[in-house]
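J.: compute the structure for the input listed below.
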Amino acid sequence: MLSSVSYAEGTVTCAGTVDKIQYHIPGVYYLKLSSMNQAVAFCSSESNWAPAGESRTITPETCKQLYSTFLSAKMAGKEFSVVYFDGDDVPTSCNTWGDWKSASVRFFSF
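T.: Reported below is the predicted structural model:
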């Protein structure tokens, strides 16, 4: 299932399998689902994460749990039915992410 649904400004939902998980110093992780055109930074294992336009914070501990979940899903070939991305860098659809954008993962479901 490949889909994209736009909600309120600053939120987009994406679905699909994990194509890429990337790491960039200092502790920033990137995720690309099969419905996305670019990987997006979603958390930091070194510091609290709250991208522009997002009031909720992802702690380093939560980041490590998210990374582990996405890595496990990739290794198992599991598909996410939905992942919510929030923040000012969020596009109107999953296949229109710009380069080096960031967001917060608010919710996901298999």
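J.: OK, contacts around Ala52?
T.: Gly87, Asp88, Asp89, Ser102 (CB atoms under 8 Å, 6 or more residues apart in numbering). Using the backbone N, CA and C atoms, a C-beta is placed for each residue, glycine as well.
J.: quick check: which element contains Lys74?
T.: helix 60-76 (DSSP states H and E).
J.: confirm that Val105 sits in a strand.
T.: Yes. Per DSSP: H, G, I helix; E, B strand; the rest coil, Val105 lies within a strand segment.
J.: list the buried residues for the stretch of helix or strand Ala15 belongs to?
T.: Assigning secondary structure by DSSP H and E places Ala15 in strand 11-24. When burial is assessed from 16 or more other CB atoms under 10 Å, strand 11-24 yields the following buried residues: Thr11, Val12, Thr13, Cys14, Ala15, Gly16, Thr17, Val18, Ile21.
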